[in-house]
Every structure is written in C-alpha cells, then in structure tokens.
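In: Take this sequence and fold it.
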Amino acid sequence: MDDSELEEFCRLWVERRSGYFEVKRFGASGDKGRDVVGFCTRSRHDGEWDNYQCKQYRTKLGKSQGLLAVGKVLYWVSQGKFTLPRKFYFVAPKGLNGSLLDLVNSPATFRQILLDDWAINCAAKIIAGKSIEIDYKLRKAIEDFDFSNIITLDVDEMISDSAAKSLLVELYGDDPGKYPKVAIPFEVQLEEMNYITALLEAYNERESGKFKSYAEVFDDPTHGSDLQFHRERYFEADGFQKFYRDNTSPETIASFRRDIHWGVRDKLKEPAKDQLTRISIAMAQASVVTPAGPLARYAYVPVKQGICHHLVNEGEMNWKGRK
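Out: Numbering: from 1, shown residues only. This next block holds a predicted model:
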C-alpha cells in the first residue's frame, strides 16, 4: 500500500474493530498530525478521541519521525485546535526502530526527550517557514499528555486482528480459511423450528397427515434419515455463516446467500408433484450452484444445500413455489 491506501485501510479497519461514535480520516495537507481519528463521543474533538498516525516507509519508523509525529499533535493541542488525544497509535506496517521503540516503552523518557530535543526534531518542521519554541501552553500540553498511551501497531498485529482479516478478504481476495468442524445438536433447537415445521408439512403432504410432530418423522423408517440429513445440512451452513461473518464482511455472506437463492429460485417455481419433490429438486440444484467470491472454495455441497434451509427458516424462501 502507499500512504493514502494505508490511511484508508486504517480508517476502514478502525471502524470495524472499535466502538467509536465516529471514525474520520484527516490524512492530507493541514491534518495537524491526524491521519485517522476515532471519536469516542458525539463531542468529537471536544471529548475523548484516539489518534491513528499512519507511517508507510520502506524501513522501520525512526526516532526523529516518531518525536515529530507526537510533537505536532501536542503543538496543535496547545493552540486550542483539539483536546489531548486519549491514545496515540503509530500504525507502521514495518514497525518502529530500536531507538523509537525504547522511547515508547519508557513513557517518562519519551516526554523528556521530546522536551529536551524539541529544537532538533520539531521546532522548524511543524509549520513551513516558522520556528516554534516551547512556551507555557506547549509545555503544559506535553506534560499533561499520558505518554504511556502511545501504542505501536505493526503488520503482524494488524493482520492478526479479525477486523483487518475481513478487509483483506474483501479488498484483496485474501483466503479467509476453512470454517471449523460443525457439531450437530442431538435435540432439535428452538432456532430450527421454522424450517423443521416446513419439512414436517412436506412430509405430511406426502403421507396424508401421518405425522403429529417432527419426533414421529425421526422414528419413521422412510423419512427419519432424510430429516436428519436436512438437519446436518442446516448446521453445516450455520457454522459456515457464523465463521465467515466474523472473518469477512457482511456483504460477503449476503452475496453468497443471494447466489444460492437465485440459483434455486426458478427450479422452485416449476410444477412439482409435492413439496418433498420440490425440496429434492432444490437440494440437487443447490449442489451445482457455483457462488462467486472468496467463499467459493469452501462452498461444499452440504453448505449450499443448508443455506436453502436457512432461507426457509428466515422466511426468504418456501417449498410451496411462491418465493
């Protein structure tokens, strides 16, 4: 990524990983040392806020660069442009060099070096053509800031975060990984009742009202194993969706479900002997649908078939050929 891409990635990442009231990207000329800001309340800069300073260099971020980045923000605090940040993040994919990392790990020393070496690192580098000396207001801003709240984020820390991983999948086609093995509850769960009820209706249509409950279907030698297979499909798709909702974007799962729905929809509208026949047709059709996107490689047959049951469970589809 270049500087601009890193700032935009950081903005999207912070939005997904945080509980901020608002996340805003400032990164441009006149940003006053703020690339990405997370506002904690609607008071924005009048309340608590966190600063994310994005540094995309070919080498690790150096001591003088780190001192200037912090000094710039604290100077504009002293000028009344905003309050002190609650936290100051260095977002540096290649990390910090040893000298700057030593300062971050020794907050009192960081403050003292900023004061002692202000003329070298900051004075002439904040505003072009102007040398800024440490006056009472600037000294107070430096002394009031909690330097223990300076935090570093390198590439390993960023990509290990689930919010960043979902962005890498969405923006760059990163592999989200295989969803974990799914356990099938022995007892029918409350969350299953809509699609189970729809299946019970289909079995009763075929068998002229033979079954009073789904428990009787399980005991039936003809349909019992079939109902259990449908449950396995449902929970395979359930585990699939839960895993990828955490590791991709909401649109990724929505797009996957839409591909399955549209892939079977026309088949559902075709004439059929009864609902069980239509279900069998839908299962066969779902198995050959090829969804687009990063989840396609993990779209195993039980998952695609199970998505149909989720669509029925949530009222988006039915076995009567009406949706």
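In: do you know how far the closest residue to Thr41 other than its chain neighbours is from Tyr89?
Out: Distances taken as Cβ to Cβ, 6 or more residues apart in numbering place Gly47 nearest to Thr41, at 4.2 Å, with adjacent residues excluded. No exception for glycine: its C-beta is placed from N, CA and C like everyone else's. Using Cβ to Cβ, to the nearest Å, Gly47 is found at 18 Å from Tyr89.
In: Same drill for these two, tell me which one is more crowded.
Out: Tyr89 (21 against 13; other Cβ atoms under 10 Å).
In: Put the alpha carbons of the host helix or strand of Ile196 into PDB.
Out: Per DSSP states H and E, Ile196 falls inside helix 193-206. Output of helix 193-206 as PDB, limited to C-alpha atoms (Å, rounded to 0.1, in the frame of the first residue of the first chain):
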ATOM      1  CA  MET A 193     -38.300 -24.700  14.300                       C
ATOM      2  CA  ASN A 194     -39.300 -22.700  11.200                       C
ATOM      3  CA  TYR A 195     -37.600 -24.900   8.600                       C
ATOM      4  CA  ILE A 196     -38.300 -28.100  10.600                       C
ATOM      5  CA  THR A 197     -42.000 -27.100  10.600                       C
ATOM      6  CA  ALA A 198     -41.800 -26.600   6.900                       C
ATOM      7  CA  LEU A 199     -40.300 -30.000   6.400                       C
ATOM      8  CA  LEU A 200     -43.000 -31.600   8.700                       C
ATOM      9  CA  GLU A 201     -45.600 -30.000   6.500                       C
ATOM     10  CA  ALA A 202     -43.900 -31.500   3.400                       C
ATOM     11  CA  TYR A 203     -43.800 -35.000   4.900                       C
ATOM     12  CA  ASN A 204     -47.400 -34.800   5.900                       C
ATOM     13  CA  GLU A 205     -48.400 -33.700   2.500                       C
ATOM     14  CA  ARG A 206     -46.700 -36.800   1.000                       C
END
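In: Could you look up the next helix or strand downstream of it?
Out: Counting by DSSP H and E, what follows helix 193-206 is helix 214-219.
In: Where do the helices of the stretch 201-323 of the chain begin and end?
Out: Using DSSP state H, counting those that start in this stretch, the helices found in the stretch 201-323 of the chain span residues 214-219, 224-247, 250-269, 275-288, 301-313.
In: Local confidence estimate at the residue nearest the centre of the chain?
Out: Central residue of the chain (Cα atoms, centre = their mean): Ala163, 3.5 Å from the mean position. Looking at Ala163, its pLDDT stands at 78.
In: Contact partners for it?
Out: 13, 16-17 (Cβ atoms under 8 Å, 6 or more residues apart in numbering).
In: in what helix or strand does it lie?
Out: Using DSSP H and E, Ala163 maps to helix 162-172.
In: Tell me both backbone torsions, phi and psi, for Gly38.
Out: Here is the backbone geometry of Gly38 (degrees, to the nearest 10): phi -110, psi 110.
In: Report the secondary structure state of the nearest residue to it once chain neighbours are set aside.
Out: The shortest distance from Gly38 to any non-neighbouring residue, by Cβ to Cβ, 6+ apart, is to Tyr20 (4.0 Å). Of the three states, Tyr20 takes coil under DSSP: H, G, I helix; E, B strand; the rest coil.
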